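Trainee: got a predicted structure here, sequence first:
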Amino acid sequence: MKKNTIIALSLVILFAVVGIIWFTMYTSTTNKEIDLRTTTVAQQDKCKAYFDKMWKILQEQAQVADQYKEAFKEIYPALIEGRYSKGDGSLMKWITESNPEFKTSMYEKLMQSIEIERTGYFNEQTRLIDLQREHAALLQKIPSKWFLNDSLKPVAIMIVTSKNTKDAYVTGEENDVDLFKKETKDTTKK
């Protein structure tokens, strides 16, 4: 073979190999961006569904506990009055008798559900934030940014927080530690 033919053939092979490598990297990077974008959007929807489930569970458990409390308040006074108001000394029997007790287990279950559901929702939102971070990094890092369209932006996500959290991050302070705020009556109004 002639020297020029060998050089030309080597250049063709070199360009073919570079082209195959470039195409493989382009395809891989584009597919990864698409996967991250669709996974992040799906995770956002999963967070919405989890949030809805969480509040339905908590509201329903709270309604059951509240209904139990109201039913107990109605039944207990009449029961005690009927048993011990005869004036025959039966009032002292309540010490040895087994009287109905207000069960706090529903409230304990509600407290556990609040913690479990809130922790689960926090974990889902943390995963969403991680997916967004990973997607944004893919758009900015070399070599992936060479293969992706410059118009691609990081996926926008919505993180659900509280007004207290937003206020604390605006002011840089979090001073309100009264968890059981009671509404105070304004005594100046008459």
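Mentor: Yes, it's here.
Trainee: next one: phi and psi at the spatially most central residue of the chain?
Mentor: The geometric centre of the chain, computed from its C-alpha atoms, lies nearest to Tyr121 (Cα atoms, centre = their mean), at 2.2 Å. With angles defined as degrees, to the nearest 10, Tyr121 sits at phi -70, psi -40.
Trainee: that one against Met54, yeah?
Mentor: Yes: the pair Tyr121 and Met54 passes the contact test of Cβ atoms under 8 Å, sitting 5.4 Å apart. For glycine as for every other residue, the C-beta is placed from the backbone atoms N, C-alpha and C.
Trainee: can you list the weak-confidence ranges in the chain?
Mentor: Applying pLDDT under 70 to the chain picks out residues 1, 79-100, 179, 183-190.
Trainee: which residue ranges of it form helices?
Mentor: Using DSSP state H, the helices assigned to the chain run over residues 3-84, 105-140, 144-147, 163-171.
Trainee: now those in JSON lines, with distance to Ile157?
Mentor: As requested, the helices of the chain are arranged in JSON lines below (distance: least, Cβ to Cβ, whole Å):
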{"stretch": "helix 3-84", "distance to Ile157": "6"}
{"stretch": "helix 105-140", "distance to Ile157": "5"}
{"stretch": "helix 144-147", "distance to Ile157": "20"}
{"stretch": "helix 163-171", "distance to Ile157": "16"}
